[in-house]
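Trainee: no sequence on this one, just coordinates:
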Ligand SMILES: [Zn+2]
């Protein structure tokens, strides 16, 4: 389906504008609730999901070209990026202040070769818990870089668990920690140990993005992290979390969204595309431009031939290159494309991410390379889910069992 771009509101956009007024009202209600207690967002429910989250490939490319006609200089892009960023913040209804204490819970520590991993929970808002694992480097002194590692929607496969417990996810986090990064992996809303809020709710994109911001708050609270060297990387739905966080939170210094940034597909889950973050009162945008608001901060797009990022070398990446060139930082953006690969964050894609993070965050790539200069992840100990959880029968979640995020507007 064709959508207009730039400053022209199409009928589709006018529909979304009506929705935006509704959602803004809902978000104000949520903020009022946030100031006095647990998150009980009165956000729109699943009936509010947009009618489509994808375009044909030619339509997506044409829309991106049209977006590119709305600016030509770095100054004009910066103005457009500010509009995009402020609209995303407004549409998500993100609080401008975060006065709530984190009340972190840390336990279940395992020490390995060059890193440790422990289970963590903290309150993103009173009574609402983020659950995850903190990986700490053991061989370094002074403030360290941090890397946030959100996960996507892939479910368990055979004996390989889902989310932050997946083998690949543990390997990625632990290897970054062995390179000297403080790393955090946490559950998506309604995933893993996050059982208080259902995942497939329109409001989950808001809470998920807010939780990502709170992960940075938590990492900085440790007194171990250099606030100027914070990176984020995730694939698929984790890629969406990565570029949304980078868009709304300028504490992110390096962004590596993997197999997600596309001109023709914006994600099929409410946590990605339930709210009209792309359609403002005087602009239309897409995930390519939202990701490009990272500029001039370093960003690596990792893409593959087997999904909606298959055109990245010819469509999405040239656009983002143009943004960085306009800002005088063409060397801060790169694309690693795997034409024969599928939608995952496998070893080859991780091997592209590690040196980019090392270069821009000051990590020690040599600590994980073998004599041939190849990254060796074999020192990582993969734990079963039971060893990584923060809550169990002996350590129950102290918060409310369920937090209502339904209708009420
Ligand atoms: Zn989702």
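Mentor: Nice, thanks for sending it over. Remember, it's a predicted structure, so these values are computed and weren't measured experimentally.
Trainee: helices or strands next to the helix or strand containing residue 116 in the packing?
Mentor: Assigned by DSSP states H and E, residue 116 belongs to strand 115-125. Applying 3 or more Cβ pairs under 8 Å, 6 or more residues apart in numbering; DSSP states H and E, one finds that strand 115-125 contacts strand 105-112, strand 128-137, helix 167-178, helix 204-221. C-beta: built from backbone N, CA, C; applies to glycine.
Trainee: ok, which of those comes nearest the ion?
Mentor: With respect to the ion, and counting by Cβ to the ion, the nearest of the helices and strands packed on strand 115-125 is helix 204-221 at 6.4 Å.
Trainee: quickly find the element holding the nearest residue to residue 143 once chain neighbours are set aside.
Mentor: Distance criterion Cβ to Cβ, 6 or more residues apart in numbering; nearest residue to residue 143, sequence neighbours excluded, is residue 226 at 4.0 Å. Using DSSP H and E, residue 226 falls within strand 225-235.
Trainee: so what sits opposite residue 231 in the bridge?
Mentor: Beta bridges link residue 231 to residue 147, residue 254 when assigned by DSSP bridges.
Trainee: for it, what are its contacts?
Mentor: Counting by Cβ atoms under 8 Å, 6 or more residues apart in numbering, residue 231 makes contact with 145-148, 181, 252-256, 357, 360-361.
Trainee: and residue 101, what does it touch?
Mentor: Applying Cβ under 8 Å, 6+ apart to residue 101 gives the contacts residue 123.
Trainee: how would you label it: helix, strand or coil?
Mentor: What DSSP: H, G, I helix; E, B strand; the rest coil gives for residue 101 is coil.
Trainee: could you measure from it over to residue 398?
Mentor: Residue 101 sits at a distance of 13 Å from residue 398 (criterion: Cβ to Cβ, to the nearest Å).
Trainee: same check, this time on residue 225
Mentor: From residue 225 to residue 398 the distance is 26 Å (Cβ to Cβ).
Trainee: same thing with residue 108?
Mentor: Going from residue 108 to residue 398 by Cβ to Cβ gives 16 Å.
Trainee: looking at these two, which is more packed in?
Mentor: When residue 108 and residue 398 are compared for neighbours, residue 108 comes out ahead with 17 against 12, by other Cβ atoms under 10 Å.
Trainee: report pLDDT for the closest residue in space to the more buried one that isn't next to it in sequence.
Mentor: Nearest residue to residue 108 in three dimensions, chain neighbours excluded: residue 119, at 4.1 Å (Cβ to Cβ, 6+ apart). Here, the pLDDT recorded for residue 119 equals 98.
Trainee: where does the stretch 251-400 of the chain dip in pLDDT?
Mentor: Applying pLDDT under 70 to the stretch 251-400 of the chain flags residues 400.
Trainee: tell me where it has helices.
Mentor: Remark: helices assigned in the stretch 251-400 of the chain by DSSP state H, counting those that start in this stretch are 270-273, 287-292, 316-326, 347-361, 385-388.
Trainee: what's the closest of the ones you listed to the ion?
Mentor: helix 270-273 (3.1 Å).
Trainee: got the contact list for the closest one?
Mentor: Outside helix 270-273, the residues that touch it by Cβ under 8 Å, 6+ apart are 46, 49-50, 53, 188-189, 199-202, 204-205, 208, 237, 240, 266-267.
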